[in-house]
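1. Just a sequence and a predicted model for now, questions to come.
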Amino acid sequence: HSFRRNRMGLVGGIMLLLALITAVFAPYIAPYDPKEVVRVTIDDIYARPSADHWIGTDDAGKDVLTNFIFGSRVSLIVGFFASFISIVIGGTVGIVSGFYGGRVENILMRFTDIMLVIPDFPLIVLLVALTKPSLFNIILVIGLLGWTGSARLVRSQTIAVKNRKFVLRARAIGAGNWHIIRYHIFPLVLPLIVVNTV
């Protein structure tokens, strides 16, 4: 109900839904096949918008709208899987450091600080250039470099949660660390991880 009142949130949700539908049904929505070999004349290059090409053509004479639709599919694939990797790494580092504290926390947080000061974009470009160019490598590199913000937020939330009464009661009746993390800490920090990553 509150989401409906937030017009910006509603507009953003609709745009995200449209982008998702466009990416999933790209082969049926796009007016042309991006892999199709076409004979190009000088008039086809950088052509203006027309009935055949709604937003014109590019330097290869290909339909820009088709490229945009199929490009959104690639962007969503990269974003989804890279975010999943970031969630796993950031959530693990944040929960472990916040829950155990002490030397474990110091080591993990110092490593996180080092990763935070490294500029992401130049490093991503460098790593992708050094490895074999592929969609998998792009996803892996972005995922491995995008977890630091989540880790710090999750650590703070974990520290707050582990001192709550229900966690202290669970520890008092003999619950182990893994049980507490799995059933008491993780369910409460998961929404924070997902929201921050999105």
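-> Arrived safely. Numbering: from 1, shown residues only.
2. With residue 71 as the reference, measure out to the residue positioned nearest the centre of the chain.
-> By Cα atoms, centre = their mean, the chain has its centre lying nearest to residue 83, at 2.9 Å. Computed as Cβ to Cβ, to the nearest Å, the residue 83 to residue 71 distance reads 18 Å. Bear in mind the C-beta positions are built from the backbone N, C-alpha and C, glycine included.
3. and what of residue 18?
-> 15 Å.
4. coming back round to it: and the residue nearest to the centre of the chain, what are its phi and psi?
-> Dihedral angles phi and psi of residue 83 (degrees, to the nearest 10) take the values phi -70, psi -40.
5. can you pull out the strands in this structure?
-> Applying DSSP state E to the chain gives no strands.
6. what about the helices in the chain?
-> For the chain, applying DSSP state H gives helices covering 2-5, 7-24, 26-29, 64-100, 102-117, 120-130, 135-145, 148-162, 165-172, 177-180, 186-197.
7. what's the closest non-adjacent residue to residue 156?
-> residue 98 (7.0 Å; Cβ to Cβ, 6 or more residues apart in numbering).
8. didn't that neighbour look like it was pressed against residue 155?
-> Yes: using Cβ atoms under 8 Å, residue 98 is in contact with residue 155, at 4.0 Å.
9. Show me the shaky parts of this structure.
-> For the chain, the stretches flagged by pLDDT under 70 are 1-6, 9, 37-38, 197-198.
10. can we see that at 90?
-> Within the chain, the segments meeting pLDDT under 90 span 1-80, 83, 86-87, 101-102, 114-150, 160-198.
11. From residue 48, how far out is the residue lying closest to residue 68 once chain neighbours are set aside?
-> The spatial neighbour of residue 68 that comes closest, neighbours along the chain excluded (Cβ to Cβ, 6+ apart), is residue 55 at 7.5 Å. Separation of residue 55 from residue 48 (Cβ to Cβ): 9 Å.
12. And for residue 91?
-> 49 Å.
13. More neighbours: which of those two?
-> residue 91 (24 against 8; other Cβ atoms under 10 Å).
14. Quick check, the more buried one in contact with residue 152.
-> No: look at residue 91 against residue 152 with Cβ under 8 Å: they stay out of range, at 11.7 Å.
15. Number of residues surrounding residue 176?
-> With other Cβ under 10 Å as criterion, residue 176 counts 10.
16. again, but for the one 5 residues further on
-> Residue 181 has 19 neighbours, counted by other Cβ under 10 Å.
17. got the contact list for it?
-> By Cβ atoms under 8 Å, 6 or more residues apart in numbering, the residues touching residue 181 are 95, 99.
18. how near is it to residue 131?
-> Taking Cβ to Cβ, one finds residue 181 at 34 Å from residue 131.
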